[in-house]
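Student: Let me see the structure of the following:
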Amino acid sequence: MTINRKLKFCQDLLFLDRLPIRFDGRSYLPAIYASNARNLVIRASRQVEKSTFLVNTILHEACARPGSKILFVCPRSEQARVFSNSRLRPSIEQSPLVRRILLGDSNRQLPVMNMRFANDSQLFIRAAYHSADAARGISAGILLVDEFQDIAAGDLPVLQETLSHARNGRTILTGTPKLIDNHLEAMFNQSTANEWTLTCPKCELTSILNEYSLGPVGVECRKCHEALDASSGQWVARNPGSRWGDGYWINHLMVPWVNYDEILDRRRIYDLAKFKNEVLGMPTNIGEHVVTREELEACCNKRPMANSAADIPLAGRTALIAGVDWGGGATSRTVVVLGSMRSDYTFEINRFFRFSPDEDPDRLLTSVAKVCEHFGVRAIGADG
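Tutor: Just a heads-up that it's a prediction; the model follows:
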């Protein structure tokens, strides 16, 4: 039987929250930890230990391959600092043998973005929301990209240039899906696209963990409604012949620490798109993001739209905000929304304006400014 070296390394040497790391109830993890594919993509819900997997991968690479060069990329600088300060450095400091390997006898504080360890392994941490420029000039053997769905579209080839001198360069992508045409979904579709698959003990129908497997009290067979044990599944590749690399889909129905009632609560509270993205780890299409007529009507009250500041309640008048969504010209309109936050923390809309999509940009700016002046707007929030 082949030893899962990375998983054994983690179980034997790594600590999480000052306790030895454990993988109880995570029967879906060994295959992911064992993957040595040139490319690996994990499409997942929020809070399913993606960051833990990335930290463990970094530490295994740095310890098992002295002199290795590792590049970790996420969208924003703040995310990079949080990952370094809250996840990576505590794991090193709390794991005695790993700390000795990587820091030696030194008590020095590790830097946030550029770490050189005692065994000559190096870790570079970079942000690449708008572009991959921050990673230029770095040479690495393994590239890890977190929240890949938010990385600038088309920048993966630029990031992978950092692997050009590596003999067996590897790329690991993790993220939570958004729209179905996002680049995270594109990579997942190129991969083996492994799905955690359950077989019904009654009718033998196979099921994946999506919205159709949600029963009133637990995961169930979509055909005969027999209860299913999510921990008893197995990975089934949707694209077994993929030459790109391995892909795995993880969601809240698989993980042992999420209570099923919490999932049902989120289905009730979240809109469909958010529930599919955040809880089921599935992409959505544009139609699922559209605000329905019923949702709009539920936000309305009996007061007509304001024509001047005098039509707005005094409390709202003194803290009136204008939200501006600029149109792209030709077909999309520019929209201005006026409103304020009430004392019960409800944002109350007082007036909508929409402008012709073909209006001259200078004239449009003047029109928006006149609206703000006419109503005595105190603050403006606008997109690019």
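
Student: Now residue 332. Nearest residue, chain neighbours left out?
Tutor: What sits nearest to residue 332 in space, not counting adjacent residues and going by C-beta to C-beta, 6 or more residues apart in numbering, is residue 357, at 5.9 Å. C-beta here means a position set from N, CA and C on the backbone, and glycine is covered the same way.

Student: what's around the one you found, how many residues?
Tutor: Neighbour count of residue 357, defined by other C-beta atoms under 10 Å: 14.

Student: would you say it is within a strand?
Tutor: No. Per DSSP: H, G, I helix; E, B strand; the rest coil, residue 357 lies outside any strand segment and is coil.

Student: Just read off the phi/psi values of it.
Tutor: Dihedral pair for residue 357: phi -70, psi -20, per degrees, to the nearest 10.

Student: where does the chain have its least confident helix or strand?
Tutor: Every helix and strand in the chain was compared by mean pLDDT, DSSP states H and E; the lowest is helix 293-298, with a mean of 67.

Student: Show me what whichever helix or strand comes after that helix is in contact with.
Tutor: Scanning forward in sequence from helix 293-298 by DSSP states H and E, the next helix or strand is helix 314-317. With contact meaning C-beta atoms under 8 Å, 6 or more residues apart in numbering, helix 314-317 is reached by 309, 339-340, 342-343, 348, 350, 376.

Student: I'd like to know the average pLDDT value across the helix or strand just after helix 314-317.
Tutor: Scanning forward in sequence from helix 314-317 by DSSP H and E, the next helix or strand is strand 321-325. Mean pLDDT, strand 321-325: 94.

Student: now do stretch 19-38
Tutor: The average pLDDT for stretch 19-38 rounds to 95.

Student: Give me the distance between the two termini of it.
Tutor: End-to-end span of stretch 19-38 (C-alpha to C-alpha, to the nearest Å): 32 Å.

Student: Identify all contacting residues around it.
Tutor: Residues contacting stretch 19-38 (C-beta under 8 Å, 6+ apart): 2, 4, 6-7, 10-11, 14-15, 40, 42, 52-53, 56, 168-171, 194, 196, 231-233, 235, 245-246, 248, 250, 254-256.

Student: returning to what we had before: does the residue nearest to residue 332 really touch residue 364, like I thought?
Tutor: No. Assessed by C-beta atoms under 8 Å, residue 357 is found out of contact with residue 364, at 9.9 Å.

Student: Any chance you could list residues touching both of those two?
Tutor: Common neighbours of residue 357 and residue 364 (C-beta under 8 Å, 6+ apart) are residue 334.

Student: And for residue 259, the neighbour number?
Tutor: 9.

Student: repeat for residue 374
Tutor: Residues near residue 374, counting by other C-beta under 10 Å, number 12.

Student: Quick one: list the elements packing against the helix or strand containing it.
Tutor: If you go by DSSP H and E, residue 374 is part of helix 361-375. Helix 361-375 sits against strand 321-325, strand 335-341, strand 347-354, with contacts defined as 3 or more C-beta pairs under 8 Å, 6 or more residues apart in numbering; DSSP states H and E.

Student: What strands line up against the first one, and which way round?
Tutor: Under the criterion DSSP bridges, strand 321-325 sits next to strand 335-341 (antiparallel), strand 379-382 (parallel) in its sheet.

Student: who wins for proximity to residue 118 among those strands?
Tutor: Proximity to residue 118 (C-beta to C-beta) singles out strand 379-382 among these, at 48.5 Å.

Student: Mind checking the pLDDT average for that closest one?
Tutor: For strand 379-382, mean pLDDT is 93.

Student: Buried residues, that strand. List them.
Tutor: Within strand 379-382, no residue counts as buried by 16 or more other C-beta atoms under 10 Å.

Student: Off-centre distance for that strand?
Tutor: A distance of 27 Å separates the centroid of the chain from that of strand 379-382, by C-alpha atoms, centre = their mean, to the nearest Å.

Student: who touches that strand?
Tutor: For strand 379-382, the surrounding residues in contact (C-beta under 8 Å, 6+ apart) are 320-326, 372.
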